[in-house]
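[1] here's a sequence, model it:
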Amino acid sequence: MTPVFGNDKKTAALMTIRLALAAVLFIHGAARIANGTVDDFGGFLGSQGIPLGFYVAWGITLFELIGSVLMAAGFYAWLIATVFAVHLAVGIALVHWREGWFVVGAGRNGIEFSALLIVSLLAVAYANYSGGRK
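    Residues are numbered from 1 along each chain as shown. This next block holds a predicted model:
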């Protein structure tokens, strides 16, 4: 009987992490649409000096939905994971840095979750990079 992810445990582990990251990022964008808060996000981006905040917010949200599905499928996963890492780093700079490290408990809305996601995304990017080839 052949395992679902093949015989290589490292490949299976990285694929599991890639799929989990894709799910988290997809849900983030889907929740923004379901809750009707994309426009609010655009207003926030505009208040931070980002031009055309409404359109940027929709672009980010659609990238979270489409990019996460493509990353889960393994389509240029290294590139999509890198873009997601940059996306989260900007979120740290705009929102989370001033709140400290902790998301809950000893603080609120800090960088710890984003930092974990960034490191995981960069590991996925590194593991899936093949010199520019798919």
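[2] tell me which stretches of this protein form helices.
    According to DSSP state H, the chain carries its helices in the segments 9-34, 38-47, 53-73, 77-91, 112-128.
[3] now do the contacts for residue 97.
    Residues near residue 97 by CB atoms under 8 Å, 6 or more residues apart in numbering: residue 111. C-beta: built from backbone N, CA, C; applies to glycine.
[4] go on, the one 3 residues further on?
    When contacts are counted by CB under 8 Å, 6+ apart, residue 100 is found next to 107, 110-111.
[5] give me the number of residues near the residue lying closest to residue 46 once chain neighbours are set aside?
    Nearest residue to residue 46, sequence neighbours excluded (CB to CB, 6 or more residues apart in numbering): residue 53, at 3.2 Å. Each residue near residue 53 was counted by other CB atoms under 10 Å, and the total is 18.
[6] I figured residue 53 hits residue 38, correct?
    No: the pair residue 53 / residue 38 is not scored as a contact, 10.5 Å apart, by CB atoms under 8 Å.
[7] hmm, back to that, pick the one among the contacts of residue 100 closest to residue 57.
    Using CB to CB, residue 111 is the member of those that lies nearest residue 57, at 21.0 Å.
[8] dihedrals phi and psi, that closest one?
    phi -90, psi -10 (degrees, to the nearest 10).
[9] which non-adjacent residue is nearest the most centrally placed residue in the chain?
    Centroid check for the chain by CA atoms, centre = their mean gives residue 84 as the closest residue, at 4.3 Å. Spatially, and ignoring its direct neighbours in sequence, residue 84 is nearest to residue 121 (5.1 Å; CB to CB, 6+ apart).
[10] next, the contact list for the one you found, please.
    Taking CB under 8 Å, 6+ apart, we find residue 121 in contact with 21, 81-82, 84-85, 88.
[11] what's the closest of these to residue 13?
    The shortest gap between residue 13 and any of the contacts of residue 121 belongs to residue 21, at 12.7 Å (CB to CB).
[12] hmm, back to that, test my guess that the residue nearest to the centre of the chain contacts residue 28.
    No: using CB under 8 Å, residue 84 makes no contact with residue 28, being 10.2 Å away.
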